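Peer 1: Next come a sequence and a model predicted from it.
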Amino acid sequence: MKKYYISILLFSFFALQLTAQVSSKDSKADKEYDRFAYIDAIKTYERMYERGYKSPDMLLKFANAYYFNGDLENAAKYYKELFATETIVAPECYYRYAQSLKSIKEYEKADEMMAKFNKENGNDLRAKLASTQKDYLEVIKKNSGRYDIENAGINSKYSDYGSSYYNGNLIFTTARDTGNFVKRMDPWTGEGFTNLYQASIDSDGFLKDVKRAFKNLNTKFHESTPVFTKDAKTVYFTRNNYNKGKKGKDDNQTTLLKVYKATLNGQNWENVTELPFNSDNYSVAHPALSFDEKTLYFASDMPGTIGQSDIYKVSINEDGTYGTPENLGKGINTEGRETFPFITKKNELYFASDGHPGLGGMDVFVSKARQDGTFTDVLNVGEPLNSSKDDFALLFNIETKIGYVTSNRDGGVGGDDIYKVKENRPIEYPCEQFLEGTVSDLETRELIANAKVSLYSSSYKLLKSTTTNDKGEFDFGQVDCDAKYYIKTEKEEYNTDEIATTITDNTGKTIVPITIEKTLKKVTVGDDIAKVFGIKIIYFDLNKFNIRPDAALELSKILDVMVQNPMIKIDIRSHTDSRNTAAYNERLSERRAASTKEWLIQNGIDKSRLAARGYGESQLVNKCADGVECTEEEHQANRRSEFVIVSIE
């Protein structure tokens with residue numbers, strides 16, 4: 001993967017110094033190494049190696065130089081020699097060695113190195129992922145076989161990578177010969193500086209008719225990874241810190257990367273401006289647009305980055321300004337390299353990473369964005385799209401199921417090549433749940449429009465709010481599986497209500513019907529207060545007439561209604577089930593009605609406002625008459641009291 005100058009890999013090499021002394025013979029190569037001229041460093045180290053100079057420090061730099069240029073086979077060779085010296089190394093070396101071993105499919109040894117990495121650096125996200133995903137190869141195998149992959153047809157002996165759609169064509173990055181008499185060489189890669197080229201796409205998705213694109217965007221330094229708005233009039237792209245003939249450098253005199261924006265005027269791209277969150281002292285690269293073009297994703301090592309490069313997003317405001325960049329967080333980013341984001345119409349975020357468990361080098365992963373801005377668990381898309389080498393920069397059309405990915409896998413033409421991929425079956429996410437529902441009137445069951453409905457997490461953090469439509473419906477969109485939420489409903493003239501709901505761990509839709517009651521109730525003679533105010537039935541135990549604690553709780557509600565409405569008089573009507581004789585049941589219900597009346601009197605209600613009568617088993621609410629077999633629950637439904645309004649004075 002020889003485009004790491006574009007992959008935001010600004011490494012803390014000095015943090016990985018070994019305890020061994022550095023020989024003066026190493027000085028030239030060290031200087032080349034420290035200024036990121038890796039190709040020159042490798043050549044120098046090779047000559048020193050052939051002459052027998054094998055200091056641990058030199059082996060480390062030799063291995064790292066190969067690692068950062070994507071030659072993981074040679075990196076594995078020299079990391080092996082380094083570890084054979086039994087020199088104390090920084091934990092990151094275990095991780096790089098593990099990645100290099102995967103490239104030659106020595107997965108067992110790679111897992112051994114990751115175990116050591118975990119032991120030395122257990123707080124590292126990559127270590128945690130490795131320890132919790134020990135069956136990652138089985139998971140990858142399960143996800144494999146989704147794609148067919150073929151050479152796209154336009155690769156050169158140089159690096160070709162990073163593509164974007166533009167007016168039915170494909171724009172890609174290449175280090176191929178630009179046709180200049182004097183060819184400028186990048187000391188890092190040993191190839192020419194990259195430019196943007198264009199290829200047409202045939203009916204099968206293969207590429208042809210390559211030509212140089214956008215002469216007025218290409219400069220003498222690197223340009224790469226453009227993304228275009230749907231109207232093809234605005235482009236965001238990556239370039240070295242160079243604009244209008246001026247080259248910027250960081251405090252170490254290194255020219256880093258920035259994302260620029262340009263607009264189309266006729267046939268020319270004009271107004272090339274850098275985005276406001278760029279900096280001379282860190283890199284920003286590989287822009288990607290959300291489908292609605294309101295969010296820009298990119299990779300960076302800006303302050304706040306978790307690893308060597310992270311994926312960020314920033315809002316694009318209607319007036320053309322930008323919000324504050326947001327790191328996508330530890331669900332996506334690790335202490336490794338996350339880069340080359342691409343987001344689909346379905347809010348699927350594809351990106352390259354060497355921090356999540358993979359097959360070797362960088363692999364392509366996917367995670368789906370939820371409506372609250374979080375992401376689902378990261379999935380490795382599997383073979384053959386991923387290989388034991390570097391695989392990155394996926395571009396995909398969800399309608400045609402055809403896309404392009406870059407890889408330096410075996411059998412390629414150049415350092416990096418562009419491959420055509422065709423999806424045979426979609427990614428199966430572990431669980432996707434959507435939450436919606438309706439709001440209706442408790443009494444009339446009529447659907448309520450314009451009710452405010454708010455969703456809270458299990459820790460009562462407000463996640464989102466919406467209002468019901470004219471059909472009383474609300475939709476919270478995608479939510480977490482196997483999670484508990486609280487839904488709060490508010491509406492003028494109604495009591496505010498809050499209910500809990502639990503989402504299953506199976507893919508599907510959770511529909512929650514919500515009923516709310518009016519603050520003011522309209523009652524008249526003949527109404528049962530218990531029903532009007534949604535009060536539970538006052539139940540009695542078998543053969544008992546004493547007021548149970550749960551019945552006292554409900555009676556206190558009746559009491560409150562009577563206190564607040566002194567003009568109301570009620571008739572207490574108690575009932576039994578059909579068990580025992582009719583005469584016995586009539587006497588029992590009389591006692592129950594009397595005990596209910598007495599409870600209300602003892603709690604302050606004038607006896608003149610109360611009448612009480614027992615009806616025994618004469619007014620059953622179900623089939624459970626004499627001789628009919630019923631459950632205890634069915635019988636209990638008949639053991640009840642009613643509170644019917646007989647007058648309102």
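Peer 2: On my side now, so go ahead.
Peer 1: Burial check on the nearest residue to residue 379 once chain neighbours are set aside, number of neighbours?
Peer 2: Among residues not flanking residue 379 along the chain, residue 366 sits closest, at 5.3 Å (CB to CB, 6 or more residues apart in numbering). In this view, the C-beta of every residue, glycine as well, is placed from N, C-alpha and C. Residue 366 has 21 neighbours, counted by other CB atoms under 10 Å.
Peer 1: And for residue 330?
Peer 2: Neighbourhood size, residue 330 [other CB under 10 Å]: 13.
Peer 1: likewise the one 3 residues further on?
Peer 2: Summarising burial for residue 333: neighbours were counted as other CB under 10 Å, giving 26.
Peer 1: For the residue lying closest to it once chain neighbours are set aside, give the beta-bridge partners.
Peer 2: With sequence-adjacent residues excluded and distances taken as CB to CB, 6+ apart, residue 333 is closest to residue 310, at 4.1 Å. Counting by DSSP bridges, residue 310 is bridged to residue 300.
Peer 1: about what we covered before: the residue nearest to residue 379 pairs with what?
Peer 2: In this entry, residue 366 is beta-bridged to residue 350, residue 379, by DSSP bridges.
Peer 1: Please enumerate the strands of the stretch 201-350 of the chain.
Peer 2: Along the stretch 201-350 of the chain, counting by DSSP state E, counting those that start in this stretch, strands occupy 207-212, 223-228, 234-240, 242-243, 246-247, 257-265, 268-274, 284-289, 295-300, 310-315, 326-327, 338-343, 348-353.
Peer 1: typo on my end, the stretch 1-150 of the chain
Peer 2: Using DSSP E, counting those that start in this stretch, strands in the stretch 1-150 of the chain cover 147-151.
Peer 1: Least confident secondary structure element in this protein?
Peer 2: helix 27-34 (a mean of 50; mean pLDDT, DSSP states H and E).
Peer 1: Tell me where the model's unsure across the stretch 301-450 of the chain.
Peer 2: Along the stretch 301-450 of the chain, segments meeting pLDDT under 70 span 371-372.
Peer 1: Kindly report the same for the chain.
Peer 2: Looking at the chain by pLDDT under 70, you get 1-45, 48, 53, 121-135, 177-192, 371-372, 533-546, 548, 550-551, 553.
Peer 1: and it, what are its domains?
Peer 2: Domain ranges of the chain: 13-143, 147-423, 433-516, 529-648, per automatic domain parsing.
Peer 1: between those, which one is nearest to residue 523?
Peer 2: When the domains of the chain are compared by CB to CB, domain 529-648 sits nearest residue 523, at 5.3 Å.
Peer 1: CSV please, covering the strands of the stretch 201-350 of the chain and showing distance to residue 377.
Peer 2: Listed next are the strands of the stretch 201-350 of the chain as CSV, based on distance: least, CB to CB, whole Å:
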stretch, distance to residue 377
strand 207-212, 34
strand 223-228, 26
strand 234-240, 29
strand 242-243, 39
strand 246-247, 42
strand 257-265, 28
strand 268-274, 35
strand 284-289, 21
strand 295-300, 19
strand 310-315, 16
strand 326-327, 18
strand 338-343, 15
strand 348-353, 12
